[in-house]
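Enquirer: A structural model of the following input is requested.
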Amino acid sequence: MKKILLAAALFLFLWILNPPTVSAGTLCSDKGGSCKTSCSSSEQDIGLSDCTKNPKGPSEKCCISTSSPTTGCADGESINTAIGCIPVGNTNAFIGFILRWAIGVGGGIAFLLILYAGFMIMSSSGNPDRLKAGQELMTSAIAGIIMLIFSVFILRVIGVDILKLPGLGG
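Expert: The predicted structure follows:
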């Protein structure tokens, strides 16, 4: 079970870093472009045929932006990805981003383990070993969620309220 969860987490991580690309036979709007009579200097005509079928005439071009991967992020030091802007220019912001995602993924895994433990308990059919394994898994998953919640709470109380560390305040 641990190997399956680890493989699923690795697959999800790789999918987030490299989302699937759109096929070449799509519409201009699916590629994030727009049909125009001419493209500006920061745009490129990718030559999709749906713009030639436009009522405005065959002189339309499918223009997409050729700007950097930081387009869409407010500060210009972040990389725009499928999961949002990843702040790579500031180490504290990057670690905060990773920790927020890690806590979310940990909570999701704990929730799935609670569901699996409930299924184990319901399908134990009177088998005391399977029932005990389900109860132990349920207890461990709930303890994991409680530890995640209290770790955030303790960090806020100690780091923000008591020590007043910069960068930890919301």
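Enquirer: for stretch 99-112, give me every contacting residue.
Expert: For stretch 99-112, the external contacting residues (C-beta atoms under 8 Å, 6 or more residues apart in numbering) are 5, 9, 83, 141-142, 144-145, 148, 151-152. Using the backbone N, CA and C atoms, a C-beta is placed for each residue, glycine as well.
Enquirer: top of the residues you listed by neighbour count?
Expert: Ala141 (20 neighbours; other C-beta atoms under 10 Å).
Enquirer: helices or strands up against the host helix or strand of it?
Expert: Under the criterion of DSSP states H and E, Ala141 resides in helix 128-155. Helix 128-155 is packed against helix 91-122, with contacts defined by 3 or more C-beta pairs under 8 Å, 6 or more residues apart in numbering; DSSP states H and E.
Enquirer: okay, angle between the helix it packs on and helix 128-155 too, please.
Expert: Interaxial angle of helix 91-122 relative to helix 128-155 (axes from the mean of the first three to the mean of the last three C-alpha atoms, to 10 degrees): 160 degrees.
Enquirer: can you list the buried residues in helix 91-122?
Expert: For helix 91-122, burial by neighbour count (16 or more other C-beta atoms under 10 Å) applies to 93, 97, 109-110, 113-114, 116-117, 120-121.
Enquirer: what residues sit buried inside the helix holding Ala141?
Expert: Residues of helix 128-155 classed as buried by neighbour count (16+ other C-beta under 10 Å): 131, 134, 137-138, 141, 144-145, 148.
Enquirer: re earlier: pull the most distant pair out of the contacts of stretch 99-112.
Expert: Ile83 and Ile142 (27.4 Å; C-beta to C-beta).
Enquirer: distance of the residue lying closest to Gln135 once chain neighbours are set aside from Glu136?
Expert: Once flanking residues are discounted, Gln135 sits nearest to Ile121: 6.6 Å by C-beta to C-beta, 6 or more residues apart in numbering. As judged by C-beta to C-beta, to the nearest Å, Ile121 and Glu136 stand 10 Å apart.
Enquirer: what's the answer for Gly144, then?
Expert: Computed as C-beta to C-beta, the Gly144 to Glu136 distance reads 13 Å.
Enquirer: hang on, the earlier thing: could I get the contacts of stretch 99-112 as CSV with pLDDT?
Expert: Putting those into CSV (pLDDT from 0 to 100) gives the following:
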residue, pLDDT
Leu5, 68
Ala9, 68
Ile83, 80
Ala141, 95
Ile142, 96
Gly144, 93
Ile145, 93
Leu148, 90
Ser151, 86
Val152, 79
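Enquirer: mind listing what Ile142 touches?
Expert: Going by C-beta under 8 Å, 6+ apart, Ile142 touches 110, 114.
Enquirer: ok so Cys35 is a strand residue?
Expert: Yes: counting by DSSP: H, G, I helix; E, B strand; the rest coil, Cys35 falls inside a strand.
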